[in-house]
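>>> Attaching a predicted model along with its sequence, questions to come.
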Amino acid sequence: MAFMKLDNGELLKNIRAFAKKNGLTLAEVATLAGLSASAIYSWKKHTPSKGTLKEVAQVLGTNYNKLVGKASHADRATAVDLKKVVENKKNQFEYNGQPVSPEQLKIIRNVMKTMFERPRH
């Protein structure tokens, strides 16, 4: 198995982003992962073990590959908010080569609204 060289700057950037998303400081992430509060800051100069990074990933609710920036192509896909897409009057839509009429688009908007705005059980 080949050793994967990590970009420590990218690693710290990713950890900061996941920590922020989870409302945590780097010191809190480190502590929750069983490390000293300043451990993550030291990774600027040295690379932690894969096991340590897996612990940090678990605390952050992600996986090792995403944490170190080696996510698969599918993981890198950016989510698209369909509401913004269908409500943007500049967008023109087709389905199977057929244009979607304004009336059809209104129906699509209403279906999506009904699907996502009703209480889930």
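Thanks, I have the structure now.

>>> Please make it C-alpha for all contacts and neighbour counts, starting now.
Will do.

>>> Relative to residue 48, how far out is residue 30?
For residue 30, the distance to residue 48 equals 12 Å [CA to CA, to the nearest Å].

>>> So for the two, which residue has more residues nearby?
residue 30 (21 against 15; other CA atoms under 10 Å).

>>> Surely that one and residue 41 touch.
No. With contact defined as CA atoms under 8 Å, residue 30 does not count as touching residue 41 (9.4 Å).

>>> longest helix in this structure, by residue count?
If you go by DSSP state H, the chain has its longest helix at helix 102-117.

>>> and that helix, what other elements does it pack with?
With contacts taken as 3 or more CA pairs under 8 Å, 6 or more residues apart in numbering; DSSP states H and E, helix 102-117 sits against helix 82-87.

>>> what are the C-alpha coordinates of the helix it packs on, in PDB please?
What follows is helix 82-87, C-alpha atoms only, in PDB (Å, rounded to 0.1, in the frame of the first residue of the first chain):
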ATOM      1  CA  LEU A  82     -33.900  22.800  -6.700                       C
ATOM      2  CA  LYS A  83     -36.100  25.500  -5.300                       C
ATOM      3  CA  LYS A  84     -33.600  28.200  -6.500                       C
ATOM      4  CA  VAL A  85     -33.400  26.500  -9.900                       C
ATOM      5  CA  VAL A  86     -37.100  26.200 -10.600                       C
ATOM      6  CA  GLU A  87     -37.900  29.600  -9.300                       C
END
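
>>> May I see the buried residues of that helix?
Under the neighbour-count criterion of 16 or more other CA atoms under 10 Å, helix 82-87 has residue 86 buried.

>>> Give me the contact list for it.
Residues from elsewhere that reach helix 82-87 (CA atoms under 8 Å, 6 or more residues apart in numbering): 91, 105, 109, 112.

>>> any idea how far the residue located most distally from the centre of the chain lies from residue 109?
Centroid-distance maximum for the chain: residue 103 at 34.7 Å, with CA atoms, centre = their mean. Separation of residue 103 from residue 109 (CA to CA) stands at 10 Å.

>>> Backbone dihedrals for residue 94, please?
Phi and psi for residue 94, reported as degrees, to the nearest 10, are phi -130, psi 150.

>>> which residue ranges form the helices in this protein?
8-21, 26-32, 50-59, 64-67, 73-76, 82-87, 102-117.

>>> Great, nothing more from me.
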